[in-house]
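>>> need a structure here:
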Amino acid sequence: MRAPVIKTCIREVCDGYGCTPQDVVGTTRVQPVTLARQVAMSLVRECSEYSYTQIGVAFGGRDHSTVISAIRRVSEFRRDPDFDQAYLAMLQRVFAAVSKAPEYVPRHVLKGAFKSCRGRDKGRVQGRVS
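Next comes the predicted model:
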């Protein structure tokens, strides 16, 4: 059984690309379905903390390297403003459906927000030598 975030991502991508969930999870290598599958994998990675291996298993038992390749490919496609706009719209809808949050803050933005407070001595317990 798939987790809600994975189901939601697959459903959203299927609505956007006009394919079925069986196509996205299946073994077909037709270009439109392959792109939809890659986008769905990327959405799952953005909206969850699943590992590459877990995402691959959820998408028909694919290898973690396939998931990494898909995410890299989607990031290349996102350089196109039209594709990026459509991707972000899907991301917003998935995140809203999964978390019921009014606004999505991408994971990479949250990670960047804490870089400024990572000092050399900050976060260490006093008295401990490392």
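
>>> Count the neighbours of the closest residue to residue 83 other than its chain neighbours for me.
Nearest non-adjacent residue to residue 83, counting by CB to CB, 6 or more residues apart in numbering: residue 77, 4.9 Å away. C-beta coordinates here come from the backbone N, C-alpha and C atoms, glycine included. Residue 77 has 17 neighbouring residues, counting by other CB atoms under 10 Å.

>>> Spit out the contact partners of residue 77.
Neighbour list for residue 77: 35, 83, 87 [criterion: CB atoms under 8 Å, 6 or more residues apart in numbering].

>>> contacting residues around residue 32?
Applying CB under 8 Å, 6+ apart, the residues contacting residue 32 are 17-19.

>>> Can I get the buried part of those as one PyMOL selection?
Remark: buried members of the contacts of residue 32, expressed as a PyMOL selection using 16 or more other CB atoms under 10 Å:
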select buried, resi 17+19
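
>>> just how off-centre is the helix or strand encompassing residue 96 within its chain?
According to DSSP states H and E, residue 96 maps onto helix 81-99. Counting by CA atoms, centre = their mean, to the nearest Å, helix 81-99 is centred 10 Å from the centre of its parent chain.

>>> Check stretch 36-48 too.
Distance, centroid of stretch 36-48 to centroid of chain: 4 Å (CA atoms, centre = their mean).

>>> neighbouring contacts of that stretch?
3, 5-6, 8-10, 12-14, 16-17, 19, 23-25, 50, 52, 55, 58-59, 67, 70-71, 73-75, 87, 90-91, 94-95, 98, 106-107.

>>> Out of these, which end up buried?
Buried by 16+ other CB under 10 Å: 5-6, 8-10, 12-14, 16-17, 19, 23-25, 50, 52, 55, 58-59, 67, 70-71, 73-74, 87, 90-91, 94-95, 98, out of those.

>>> how about the CA coordinates for stretch 54-72, as CSV?
The C-alpha trace of stretch 54-72 is given here as CSV (Å, rounded to 0.1, in the frame of the first residue of the first chain):
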residue,chain,number,x,y,z
GLN,A,54,11.6,3.9,-0.8
ILE,A,55,10.5,6.1,-3.7
GLY,A,56,11.8,3.6,-6.2
VAL,A,57,10.0,0.7,-4.5
ALA,A,58,6.8,2.7,-4.6
PHE,A,59,7.1,3.3,-8.3
GLY,A,60,7.2,-0.3,-9.4
GLY,A,61,10.4,-1.5,-7.7
ARG,A,62,12.8,0.8,-9.4
ASP,A,63,16.3,1.3,-8.3
HIS,A,64,17.4,4.3,-6.2
SER,A,65,19.6,5.4,-9.1
THR,A,66,16.6,5.7,-11.4
VAL,A,67,15.0,8.0,-8.9
ILE,A,68,18.1,10.1,-8.6
SER,A,69,18.2,10.3,-12.4
ALA,A,70,14.6,11.3,-12.6
ILE,A,71,15.0,14.1,-10.1
ARG,A,72,18.0,15.5,-11.9
